[in-house]
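> Got a predicted model here, sequence first, then my questions.
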Amino acid sequence: MTGGRVMRIYIISCFILIVLASSCVSFRGGGTFDGCPEESKKVSLNELANYYDQHSNEMIKLISGKSESIDTTLRFKWDPFFKKRILPVGSVTMEEVQTLFEFDEKRFVLGSGQSDFCSAVYRYYLNRTFNEKKQTYDRPYRYLNAWGSLFFPPIHELTNPLSFYHSEFTEDFDPEKVTSKYFDPEFQKQLDRETQTELTYGNKLRALFNGTESFPEKLRLIRQAKKFLYVAVMTIVSDETGQELIRAMVNAKRAGVDVRLITEGFYTFSISNYCIGVLEREGIPVVRVDDKSLSQLNRMFHDKMWIRDGEEAILGGMNVLNYENKSNGFNFLNRDTDILIEGPAVTSLLQSYINLWKKYDTSLCPIAVGEYTIATNLAKERVEGNRGSENYERWLGNPKTRMNGICRTAVQGNNAEPQKIVMLLLRYLEAAEHSFYMTSPEIEFDLDRKTEYEDMLAQLIMDKASGSDFYAEYITNGFDGGQGEKSIFTRRSVNDAVLVGEDFWINMLTPLIDEDGRDVNKRVRKVFLPLLKAGVHGFQYFNYMHAKEFYYDRLLVGIGSWNFDGFSANNNHECVIFCLDKNLRLQMEKHLVLDMVNSVPIIE
């Protein structure tokens, strides 16, 4: 989550909101509405299917068998606060609504005259009217709430080659046949000196997209820990999934595992206090980090790391709460990414964790088992040739080995030192020759100032994008994500009010959700405009985008906690891992394209 916003959020989580419903309007290629009647009309699922047949030129179809497998007495109506938005009458999950209909992707692309799906979507929105007041595009037919700002049902799985969706991702790309500065040992040694980090070799890596993939792995790490479990996380909330993780940590402690937690001091006091209290009563040491000053009240401990026995680790963007742990990227919770690591990069993270513990543990609780593991692992990894700059030429000089889990971890502390992540972002981008992709909740810089690191990064992205042969892309938050966890919590409250028939709360909270979405959308579009003019492609995801991902030249993948703002660039504790790995890059490409497909392009 981004810095100053978190204060206004959290508490509990649960299911999801409402969705879908009814009548009017015909689709015209010119892009105008025929108008909508003021009187709400309830319709059945089959009636809604007929409506989309007629108004989408049969490109949006009821999925075969749905009318038999789903109660066709299900009714829909328009939302009185956004009259082109359709809601279900009754309790239906987002996923159920999203899988009622399918979109004819091939026919859509063919009819657009464009080269790929993303270009066809861009052309579609280019021909639509953007409503500045509502901060949304007009759509030629009523749309289901579960579609967010999309004009088609969200696409959960890519069934065609990636190049069908995005022409930059051609199937003929082979990392073994390209030259890159990333494979230059001297370039990597320079990064070692500049950022106090180093490469390791032979790591096994798997991206964990959203809580449905990451949460089970965190539980597994806790339950399989034999020697120690070291956790660093900004926030732990005492909701359903938070309590499950806390119980597992307590059980591990009772079984003799050295369990520890480093967390953000302010949020311990405000929203994590209960969970922290449970851990401490069980004898689990907790360190609270608070580096705030009168001039920097918003700086915080933003790391997210889970380390088991010095053998496995999870690093990324996810805190501990239902909005993360229950997310699948489509259910209007946080769209986020972690990474599971096995290998010598875990030792690097462990060393950073121990350094943090010794710096901030005022009780001087020894961490001997971790220190012993560090000493043992470092010696073993150097003997095996999986660590040490003397091995860079051997790893990187061979096309068969240079994409075999070569990773660099960076864990920056207060004032973004000593392992300054933004310096790695800048140097890797300077070395990029063809493309750069990034996801982050929002974006913050000042090109008139140009003195802070976030300004330098923005300027560099613009400079790169201005070249005709370089493709730069940024996926961020928009109308549908709104204020992140605050908007998610408010939606959940509306959902609860619907279930009990409390119209007062529905009528009060729904406009607030829309207003947050408009405010965020307007701010993001305004800040992004200079990049857009320079040729950077922008996308706003249809859920809350909380992932922090970096992808260079279809070779180098970065995943972590670093947001594109001044707090992450200059003040916060943050963590990131950058990897050259053949399997991880394929994972990243597939999900980046999936995110783009389910986003609204930013158009000037």
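Done, it's in.

> Report the residue spans of the protein with pLDDT below the cut-off.
For the chain, residues meeting the criterion pLDDT under 70 lie at 1-40, 65-73, 293-297.

> longest helix in it, by residue count?
helix 503-534 (DSSP state H).

> What is the subsequent helix or strand relative to that one?
strand 537-541 (DSSP states H and E).

> partner strands of the helix or strand following that next one, parallel or antiparallel?
Next along the chain after strand 537-541, taking DSSP H and E as the criterion, comes strand 544-545. Counting by DSSP bridges, the strands paired with strand 544-545 are strand 334-335 (parallel).

> Residues contacting the partner strand, please?
1, 210-211, 318, 323-324, 327, 329, 481, 484-485, 488, 541, 543-547, 595 (C-beta atoms under 8 Å, 6 or more residues apart in numbering). Every residue, glycine included, has its C-beta placed from N, CA and C.

> how far is that strand from where the chain is centred?
Here the centre of strand 334-335 is set off from its chain's centre by 6 Å, with C-alpha atoms, centre = their mean, to the nearest Å.

> Tell me which residues of the helix or strand just after it come out buried.
Where DSSP H and E defines the elements, the next helix or strand beyond strand 334-335 is strand 337-342. For strand 337-342, burial by neighbour count (16 or more other C-beta atoms under 10 Å) applies to 337-342.

> Summarise which helices and strands strand 337-342 is packed against.
Counting contacts by 3 or more C-beta pairs under 8 Å, 6 or more residues apart in numbering; DSSP states H and E, strand 337-342 is packed against strand 204-209, helix 211-224, strand 312-316, strand 556-560.

> For my notes, please list those in JSON lines and give mean neighbour count and distance to residue 156 for each entry.
Shown next, in JSON lines, are the helices and strands packed on strand 337-342 (neighbours: other C-beta atoms under 10 Å; distance: least, C-beta to C-beta, whole Å):
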{"stretch": "strand 204-209", "mean neighbour count": "21", "distance to residue 156": "12"}
{"stretch": "helix 211-224", "mean neighbour count": "19", "distance to residue 156": "12"}
{"stretch": "strand 312-316", "mean neighbour count": "25", "distance to residue 156": "22"}
{"stretch": "strand 556-560", "mean neighbour count": "26", "distance to residue 156": "22"}
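
> in a strand, that's where residue 550 is, yeah?
Yes: under DSSP: H, G, I helix; E, B strand; the rest coil, residue 550 falls within a strand.

> how close does the nearest residue to residue 264 once chain neighbours are set aside sit to residue 232?
Distances taken as C-beta to C-beta, 6 or more residues apart in numbering place residue 301 nearest to residue 264, at 4.1 Å, with adjacent residues excluded. Computed with C-beta to C-beta, to the nearest Å, the distance linking residue 301 and residue 232 is 8 Å.

> Between those two, which contacts overlap?
Counting by C-beta under 8 Å, 6+ apart, the residues touching both residue 301 and residue 232 are 262-263.

> is it true that residue 88 lies in a strand?
Yes: Residue 88: assigned to a strand according to three-state DSSP.

> Surely it touches residue 94?
No: checked against C-beta atoms under 8 Å, the pair residue 88 and residue 94 is beyond contact range at 10.3 Å.

> what about the nearest residue in space to residue 528 that is not next to it in sequence, neighbour count?
Distance criterion C-beta to C-beta, 6+ apart; nearest residue to residue 528, sequence neighbours excluded, is residue 538 at 5.1 Å. By other C-beta atoms under 10 Å, 23 other residues sit near residue 538.

> what's residue 538 in contact with, if anything?
473-476, 528, 531-532, 601-602.

> again, but for residue 262
Residues in contact with residue 262 (C-beta under 8 Å, 6+ apart) are 230-233, 286-287, 289, 301, 303, 353, 356-357, 360.

> That one: what's its closest spatial neighbour, skipping adjacent residues?
residue 232 (4.3 Å).

> Isn't that neighbour up against residue 288?
No: the criterion here is C-beta under 8 Å, and residue 232 misses it with residue 288 at 11.6 Å.

> okay, and the common contacts of those two?
The contact sets of residue 232 and residue 288 overlap at residue 263 (C-beta under 8 Å, 6+ apart).

> Those two: which has the busier surroundings?
Neighbour comparison, residue 232 and residue 288: the larger count goes to residue 232, with 28 against 19 (by other C-beta under 10 Å).

> now for the host helix or strand of that one, which elements pack on it?
Residue 232 belongs to strand 228-233 when elements are defined using DSSP H and E. Using 3+ C-beta pairs under 8 Å, 6+ apart, the elements in contact with strand 228-233 are helix 240-254, strand 258-264, strand 304-308, helix 344-360, helix 368-383.

> One more pass at 10 Å, please.
Contact here means 3 or more C-beta pairs under 10 Å, 6 or more residues apart in numbering; DSSP states H and E; on that basis strand 228-233 packs against helix 211-224, helix 240-254, strand 258-264, strand 286-289, strand 304-308, strand 312-316, helix 344-360, helix 368-383.

> Tabulate the ones you listed (a markdown table), appending distance to residue 190.
Compiled in a markdown table, those are given as follows (distance: least, C-beta to C-beta, whole Å):
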| stretch | distance to residue 190 |
| --- | --- |
| helix 211-224 | 33 |
| helix 240-254 | 40 |
| strand 258-264 | 31 |
| strand 286-289 | 31 |
| strand 304-308 | 26 |
| strand 312-316 | 24 |
| helix 344-360 | 18 |
| helix 368-383 | 21 |
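
> thinking residue 202 is in contact with residue 394, fair?
No: the pair residue 202 / residue 394 is not scored as a contact, 11.9 Å apart, by C-beta atoms under 10 Å.

> okay, the two: which has more neighbours?
Neighbours were counted for residue 202 and for residue 394 using other C-beta under 10 Å; residue 202 has more, 19 against 13.

> Unless I misread the structure, that one falls within a helix.
No: counting by three-state DSSP, residue 202 is not part of a helix but coil.

> Quick check: phi and psi at it.
Backbone torsions for residue 202, taken as degrees, to the nearest 10, come to phi 80, psi 20.

> Excluding residues flanking it in the chain, which one is nearest it?
Excluding the flanking residues, the one nearest residue 202 by C-beta to C-beta, 6+ apart is residue 386, at 4.9 Å.

> could you list every residue that touches the one you found?
199-203, 343-345, 347, 377, 380, 395, 405-406 (C-beta atoms under 10 Å, 6 or more residues apart in numbering).

> at 7 Å instead, please
200-202, 344 (C-beta atoms under 7 Å, 6 or more residues apart in numbering).

> separation between it and residue 348?
11 Å.

> overlap in contacts of those two?
Joint contacts of residue 386 and residue 348 (C-beta under 7 Å, 6+ apart) are residue 200.

> ok, back up a step: just put the helices and strands packed on strand 337-342 in TSV and tack on distance to residue 113.
Output for the helices and strands packed on strand 337-342, formatted as TSV (distance: least, C-beta to C-beta, whole Å):
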stretch	distance to residue 113
strand 204-209	33
helix 211-224	37
strand 312-316	40
strand 556-560	34
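
> how many neighbours does residue 583 have?
Count around residue 583 with other C-beta under 10 Å applied: 15.

> Contact partners for it?
Residue 583 is in contact with no residue at all, counting by C-beta under 7 Å, 6+ apart.

> Next one: residue 596 from residue 482, what distance?
Taken as C-beta to C-beta, the span from residue 596 to residue 482 is 20 Å.

> what about the two, which has more around it?
Remark: of residue 596 and residue 482, residue 482 carries more neighbours, 25 against 21, as counted by other C-beta under 10 Å.
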